[in-house]
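A.B. asks: got a sequence here, can you build the structure:
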Amino acid sequence: MIIRFFKKSFFPQLITLIVLTILWWIPSVFVDSKVLAFPIFQPSSLSQKWLLQTAAVFIFIITAFFVNYLSIYSRLSNRNSYLSAFFFILLGSALTEFTHLTPVLLATFFLVLFYQKVFQIQKSNKVILTAFDAGLWLGISGLFYPPVLLFFLMGWFALIIYQSDQWQAYITFLTGIFLPWFFIFTGLFWLNNTGELTQWITRFFHLRSQWYPFHNSLDFSLFVLFFLTLLVSVLRITGNLSSLNINQRQNATVVLWGLLFSVLLVALTNTTLQALLFVNIPAALLMGSFFSEIKKLRLANIWVFLLIILIFINHYLFFFYAS
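C.D. replies: The predicted model follows:
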C-alpha cells in the first residue's frame with residue numbers, strides 16, 4: 001500500500017511527504033543539540049529555534065523534491081513517482097542528529113545541484129560549460145562542508161562514463177570548484193583572517209577516530225535496517241545494468257560511483273554522523289529505482305512500515321523520558 005501510494009505523484013502524495021517531514025523534524029526544536037557547527041546555527045531562544053527549524057524543514061523538503069527530479073530526469077524511476085523523494089525523506093529523517101539546520105544540510109542542497117549538472121553532461125551540447133557549472137555547485141557546497149570537495153573525483157569519473165572527449169571539460173570542472181574558494185580567500189586575505197579558515201578546513205581532513213558515532217541503540221538499529229535496504233537495492237540494480245539502455249546504464253553507474261565516494265567520505269574522513277546525508281542522495285535514487293520495479297509489494301510494504309514506525313519512536317521517545 002505504501003509503495004504503491006508513492007509510485008504516483010499527485011497532490012495527496014505531496015501533502016503526505018510534507019506532513020511526514022514536519023512530524024519528524026519538529027521534535028528537534030525541543031531537544032538540545034550538540035551537532036551544530038557554526039554559532040549562527042545555535043539559537044539562544046525558543047523563537048529562534050522555531051525560525052531555524054522552519055528554515056531547515058523548508059530546505060530539506062526542497063532538497064527531497066530535487067532528488068526526486070533527478071530520479072525522473074535520469075530515468076532511474078517512473079516519471080510519475082515520488083518514491084525517491086519519499087526515501088530521501090525517510091533516510092534524512094531517521095536519526096535525530098539529521099533533523100537540524102546545519103552546514104551539512106546546506107551542503108547537501110548544493111550537492112544535489114551538483115548531481116543535476118553531472119547528469120546533464122550526458123546530453124549536453126556544451127559539455128565544457130556544463131562541467132564548469134557542476135564544479136561551481138560542488139565548490140559552493142564545499143564552502144559549507146569542505147570534505148565534499150572529494151567529489152571532484154566523481155565529476156571526473158562521470159566525464160569518463162559519459163565518454164566526453166573534450167579534455168577542457170576536466171579543467172573547467174576544477175575551475176568551477178576553485179572559483180568560489182578564490183573569492184572567499186581573497187576577501188579573507190584583505191581582512192587578514194585566512195589562518196582561521198585554513199584551520200577550520202584542515203580539521204576535517206583527518207582519518208576517522210571514532211568508529212561508533214551512534215548515540216543510542218535505536219539509531220544504530222535504523223542504520224542497519226537502511227543499510228540492508230540499500231544493499232539489496234544496489235545488488236538488484238547492478239545485476240540489471242546490462243538490461244538497461246545506454247543512457248540509463250550510464251546514469252545508474254554515475255549514481256553507484258556517487259554512493260561509493262559518499263561512503264568513503266563518511267568512513268575515512270573526520271566527519272560527523274550528519275555526513276550520512278551525503279549518502280542519502282545516491283541511496284534515495286537507488287532505492288526509488290529498486291522499489292519502483294518490485295511487483296510483489298507485501299513484504300516491501302511491511303518493511304517500509306516498520307522503518308516509519310521506528311523513525312516515529314526515535315523522534316518522540318524523548319518526550320516520554322522527559323515526562
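
A.B. asks: can you map out the helices along the protein?
C.D. replies: 2-6, 11-25, 46-73, 83-92, 103-120, 127-144, 152-161, 168-190, 194-202, 217-239, 246-268, 276-293, 298-322 (DSSP state H).

A.B. asks: got a list of contacts for the second one?
C.D. replies: Judged by Cβ atoms under 8 Å, 6 or more residues apart in numbering, the contacts made with helix 11-25 from elsewhere in the structure are 5-6, 53, 56-57, 60-61, 64, 82, 85-86, 89, 93, 99, 311-312, 315. C-beta here means a position set from N, CA and C on the backbone, and glycine is covered the same way.

A.B. asks: what mean pLDDT does stretch 59-68 get?
C.D. replies: Averaged across stretch 59-68, pLDDT comes to 96.

A.B. asks: so how far is P180 from K49?
C.D. replies: 30 Å (Cβ to Cβ, to the nearest Å).

A.B. asks: ugh, wrong one, I meant L150
C.D. replies: Distance from L150 to P180, by Cβ to Cβ: 16 Å.

A.B. asks: pull the helix or strand with minimum mean pLDDT from this protein.
C.D. replies: Using mean pLDDT, DSSP states H and E, the weakest-scoring helix or strand in the chain turns out to be helix 194-202, at a mean of 68.

A.B. asks: re earlier: what subset of the contacts of helix 11-25 is buried?
C.D. replies: The neighbour count (16 or more other Cβ atoms under 10 Å) marks 6, 53, 56-57, 60-61, 64, 82, 85-86, 89, 93, 99, 311, 315 as buried among the contacts of helix 11-25.

A.B. asks: and these, which two are furthest apart?
C.D. replies: F6 and Q53 (24.8 Å; Cβ to Cβ).

A.B. asks: circling back: let me know the closest of the buried ones among the contacts of helix 11-25 to F223.
C.D. replies: I311 (11.9 Å).

A.B. asks: do you know how far the nearest residue in space to V266 that is not next to it in sequence is from G258?
C.D. replies: Of all residues beyond its chain neighbours, the one nearest V266 is A275 (4.9 Å), with distances taken as Cβ to Cβ, 6 or more residues apart in numbering. Using Cβ to Cβ, A275 is found at 14 Å from G258.

A.B. asks: which one's more surrounded, these two?
C.D. replies: Set A275 next to G258 and count neighbours by other Cβ atoms under 10 Å: G258 wins out with 25 against 22.

A.B. asks: can you tell me the closest non-neighbouring residue to that one?
C.D. replies: That would be P282: by Cβ to Cβ, 6+ apart, it lies 4.2 Å from G258.

A.B. asks: gap between the one you found and L307?
C.D. replies: Going from P282 to L307 by Cβ to Cβ gives 18 Å.

A.B. asks: these two - which one has more neighbours?
C.D. replies: Per other Cβ under 10 Å, whichever of P282 and L307 has more neighbours is P282, with 25 against 19.

A.B. asks: so the more buried one makes contact with T253?
C.D. replies: No - using Cβ atoms under 8 Å, P282 is not in contact with T253; the gap is 11.3 Å.

A.B. asks: residues that sit against both of the two, list them.
C.D. replies: Taking Cβ under 8 Å, 6+ apart as the contact rule, P282 and T253 have no neighbour in common.

A.B. asks: so where is the stretch 1-150 of the chain shaky, pLDDT-wise?
C.D. replies: Across the stretch 1-150 of the chain, the ranges flagged by pLDDT under 70 are 32-44.

A.B. asks: ok, the stretch 151-300 of the chain next?
C.D. replies: 194-197, 199-201, 203-212.

A.B. asks: let's go with 90 and repeat that
C.D. replies: 163-167, 181-220, 240-245, 264-275, 292-298 (pLDDT under 90).
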